[in-house]
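Novice: requesting a structural model of the entry that follows:
(2 chains)
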Amino acid sequence: MSALYRTHHCGQLRAADAGQVVSLAGWVASRRDHGGVIFIDLRDRAGLTQVVFRPEEAAAVAQQAHALRSEDVISVRGRVAKRLVGTENTRLATGEIELVADALTILNKADTPPFPLDAEAANEDLRLAHRYLDLRRPRMARNLQTRHRVVKTVRDYLDDHGFLEIETPILSKSTPEGARDFLVPSRLQPGSWYALPQAPQQYKQLLMVGGLDKYFQIAKCFRDEDLRADRQPEFTQIDIEASFVERDDILQLVEGMLAAVFKAARGVEVPLPFPRLTYDEAMNRYGSDKPDTRFGLELVDLSDVFALSQFKVFAGALSSGGVVKAINAKGFAGVTTGQIEELTKMAQSYGAKGLAFIKVENGEWKSPIVKFFSAQEKAALTEKLGIAEGDLLLFGADKRETVCEVLGRIRLRVAEILKLVTDPARLDFLWVTDFPLLAFNAEENKWDAVHHPFTRPLAEDVELLKQGELGKVRAAAYDVVLNGFEIGGGSIRIHEPELQAQMFSVLGISAEQQAKQFGHILKAFSFGAPPHGGIALGVDRIVMLICGETSIRDVMAFPKNNRGQDLMSQSPSEVEPKQLRELALQSTVRQAPAAAAAAPPRPAATAAPAAP
RNA sequence: GGAGCCUUAGCUCAAUUGGUUAGAGCGCCGCCCUGUCACGGCGGAGGUUGCGGGUUCGAGCCCCGUAGGCUCCGCCA
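Specialist: As a prediction, the model looks like this:
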């Protein structure tokens, strides 16, 4: 550390340092000017230290300190002193001491910040437009330090387990599967395009063919889809692939890694191994492939209860091959009409026709549908759902997938309303395994890969694949879930060219297309591909959960807003016509005539670019 | 592409049924103040109520349009 500016950080000094002469540098977080004595809270990324200026000890320095304002950058030299008895601040790590200044250098004056840095609330777009100021706030500094700790732990852990960190290209090849690609025009091959990787999927498999055995990468990935609180167009994955491994090797490796990460970054012991659920179990019990198991409220199947019901909605759903399920929201009989309306709307938005309910109040079942139920049905309901006074029962009757999805979403909303997650520190990790290999795409009347086309079917289901029972084939795929967030997913891959070709043909990818889009990987597999598999974990989501944040934007240094814009640098932006010409590109976007007419005249330099 | 909520001072918000000069706290500026840590006291500046149109004697408030922000659906193998 350059002693010119500082000898210590602002979070470092303690009572044991009293008597030392030190220097600190940082930003003025606040000033309390008493006319005589002046206090300054000096802030850097490590914390706050109180600096005191005493006119009787250093008159000129104190005079200088009167001019200090918030966010000025200063360097202060002085003596570390225990605070006067009774003036210690227990809320500050450095609260037992203060720095008695004898020299002050104002390194840079600062304009008044556009939003307060010591308060939590401010418009996010304002924060994003001045992200460099937002990052000075202790919470953001802490989040980025935690992120560093997570990534560092991952690197060390994987290195210890024999993994090599290998970079793969950012300029890569577009593939039709999956998310929309970001495209980069090639100048040297006009009319051709690179794609930014959605994930290093093919490269990491090719590294296995290349005999690298164990690979990982802290990989930037790009997907040109709409944004969410937990989705950005560019994000970071811990990408892992290993050869000669089975599913449980990967699961164990990842469990150990996550335990190490949570130990290092949050100081908690994560119990191992993680519980496992099959996909079918997760859907049937929680209505989600990423169940939040911090609370119960499980889906209960009532199909056998209502098989012969007089209630046509239930009987109809069952006779057409559907199911009837319900959740019992204990103690929610006091639900308001508005809340029922909200839940009903929600159910409809996920494809349900409605949301039947029963309120159990004063020993009575209050519901528009209960009059259709027989005594037997009521008795069976009571038993299966454990019905008691004060309960609210919510029903779904439809196709199995619809009912699970709808009740799964309702379950989460009800848990939120009833505040069923009582321990904010609770961490429920689990694996979801045995995902379906394929899903029917009704829109395009074809089968799609649920994970990706290189995912291996379970050995015992390969026969089903050959017989064309495509909906029943399970994949050697797995997701790791934490508190209802999917934080990672992977699979054991197909390493045999014949099986891969069969998979492609099931997906309706012709031999010609296979050669064009996947020729390189099929060829690679023909030269001796080892059995291999891997996983990718979302760094942003993991750090978000460790930090207790609700948006991944709060754990990224420079995130983009809802519309994919960087409000600070104003990207994306227009480029010079010359740049487009070099790339052999022409925009089809026309400027609206009205807007063009209203726009101020452009400087000549940009209005009339030099002729080529 | 769709839905919901939001937009008033630099920030966070208020403003009765549509009614006089749009207020408060914080911040900012000035003066005072020698143990504060949300320091305190006194004074001051700061507003095209996102923008455009309409209804009305009168609009921050009602109506229409539009822009922007966030959340969600679709989308995200």
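
Novice: need the three-state assignment for the most centrally placed residue in chain A.
Specialist: Nearest to the geometric centre of chain A sits A:Arg541, at 2.9 Å (CA atoms, centre = their mean). Three-state call for A:Arg541 (DSSP: H, G, I helix; E, B strand; the rest coil): helix.

Novice: show me what contacts it?
Specialist: Neighbouring residues of A:Arg541 by CB atoms under 8 Å, 6 or more residues apart in numbering: A:Asp230, A:Phe485, A:Glu486, A:Ile487, A:Ile552. C-beta: built from backbone N, CA, C; applies to glycine.

Novice: against A:Glu486, how distant is it?
Specialist: Distance of A:Arg541 to A:Glu486, given as CB to CB, to the nearest Å: 8 Å.

Novice: can you pull the residues of the stretch 451-600 of chain A lying near RNA strand B?
Specialist: A:His451, A:His452, A:Pro453, A:Ser551, A:Arg553, A:Asn561, A:Asn562, A:Arg563, A:Gln565, A:Leu567 (CB under 7 Å from any atom of the strand).

Novice: and if we set it to 6 Å?
Specialist: The stretch 451-600 of chain A has residues A:His451, A:His452, A:Ser551, A:Asn561, A:Asn562, A:Arg563, A:Gln565 near RNA strand B, with proximity defined as CB under 6 Å from any atom of the strand.

Novice: grab the nearest non-local neighbour of the fifth one.
Specialist: Taking CB to CB, 6 or more residues apart in numbering, and ignoring the residues beside it in sequence, A:Asn562 has A:Leu227 as its nearest neighbour in space, at 5.5 Å.

Novice: wait, the one you found touches A:Arg553, no?
Specialist: No - if you go by CB atoms under 8 Å, A:Leu227 and A:Arg553 don't touch, sitting 9.3 Å apart.

Novice: who has more neighbours, these two?
Specialist: A:Arg553 (21 against 17; other CB atoms under 10 Å).

Novice: roughly how far does the more buried one sit from A:Leu437?
Specialist: On the measure of CB to CB, A:Arg553 and A:Leu437 end up 34 Å apart.

Novice: again with A:Ser30
Specialist: For A:Ser30, the distance to A:Leu437 - CB to CB - is 59 Å.

Novice: have a look at the two and say which one is more surrounded.
Specialist: A:Leu437 (28 against 14).

Novice: so A:Gly26 sits in a helix?
Specialist: No - under three-state DSSP, A:Gly26 sits outside any helix and is assigned strand.

Novice: which parts of the stretch 201-350 of chain A are helices?
Specialist: A:201-209, A:247-266, A:279-286, A:312-319, A:337-349 (DSSP state H, counting those that start in this stretch).

Novice: buried residues in the third one?
Specialist: Put plainly, it is helix A:279-286. A:Tyr279, A:Ala282, A:Met283, A:Asn284, A:Arg285, A:Tyr286 (16 or more other CB atoms under 10 Å).

Novice: can you pull the contacts of the last one?
Specialist: If a contact means CB under 8 Å, 6+ apart, then A:Tyr286 has A:Asp292, A:Thr293, A:Glu298, A:Leu299, A:Gly408, A:Arg411 as its contacts.

Novice: which residue is the nearest non-sequential neighbour of the first one?
Specialist: The spatial neighbour of A:Asp292 that comes closest, neighbours along the chain excluded (CB to CB, 6+ apart), is A:Gly484 at 2.9 Å.

Novice: repeat for the second one
Specialist: If the residues on either side of it in the chain are set aside, A:Thr293 comes closest to A:Asp428, at 4.7 Å by CB to CB, 6+ apart.

Novice: can you check the fifth one too?
Specialist: Beyond its immediate neighbours in the sequence, the residue positioned closest to A:Gly408 (CB to CB, 6+ apart) is A:Gly287, lying 2.2 Å away.

Novice: wouldn't the one you found be in contact with A:Val406 here?
Specialist: Yes - the pair A:Gly287 and A:Val406 qualifies as a contact (CB under 8 Å) at a distance of 7.3 Å.

Novice: circling back: mind listing what the residue nearest to A:Thr293 touches?
Specialist: A:Asp292, A:Thr293, A:Arg294, A:Leu482, A:Asn483.

Novice: any idea how far RNA strand B is from it?
Specialist: 19 Å (CB to the nearest atom of the strand, to the nearest Å).

Novice: next one: that residue relative to A:Lys290, how far apart?
Specialist: Distance of A:Asp428 to A:Lys290, computed by CB to CB: 11 Å.

Novice: one more: A:Ala442?
Specialist: 23 Å.

Novice: the two: who's more crowded?
Specialist: Under the criterion of other CB under 10 Å, the comparison of A:Ala442 against A:Lys290 puts A:Lys290 first, with 19 against 7.

Novice: got the contact list for the more buried one?
Specialist: By CB under 8 Å, 6+ apart, A:Lys290 lies in contact with A:Ala282, A:Val432, A:Asp479, A:Val481, A:Gly484, A:Phe485, A:Glu486.

Novice: where along the stretch 501-612 of chain A do the strands fall?
Specialist: A:532-538 (DSSP state E, counting those that start in this stretch).

Novice: residues near the residue in it that RNA strand B sits nearest to, how many?
Specialist: Nearest to RNA strand B in the stretch 501-612 of chain A, going by CB to the nearest atom of the strand, is A:Asn562, at a distance of 2.7 Å. Neighbours of A:Asn562 under the rule other CB under 10 Å: 12.

Novice: quick one: A:Leu133 is in a helix?
Specialist: Yes - counting by three-state DSSP, A:Leu133 is part of a helix.

Novice: that one contacts A:Phe115, correct?
Specialist: Yes - counting by CB under 8 Å, A:Leu133 touches A:Phe115, with 7.4 Å between them.

Novice: ok, back up a step: can I get the contacts of A:Arg541 in a markdown table including pLDDT?
Specialist: Listed next are the contacts of A:Arg541 as a markdown table, based on pLDDT from 0 to 100:
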| residue | pLDDT |
| --- | --- |
| A:Asp230 | 88 |
| A:Phe485 | 93 |
| A:Glu486 | 94 |
| A:Ile487 | 95 |
| A:Ile552 | 93 |
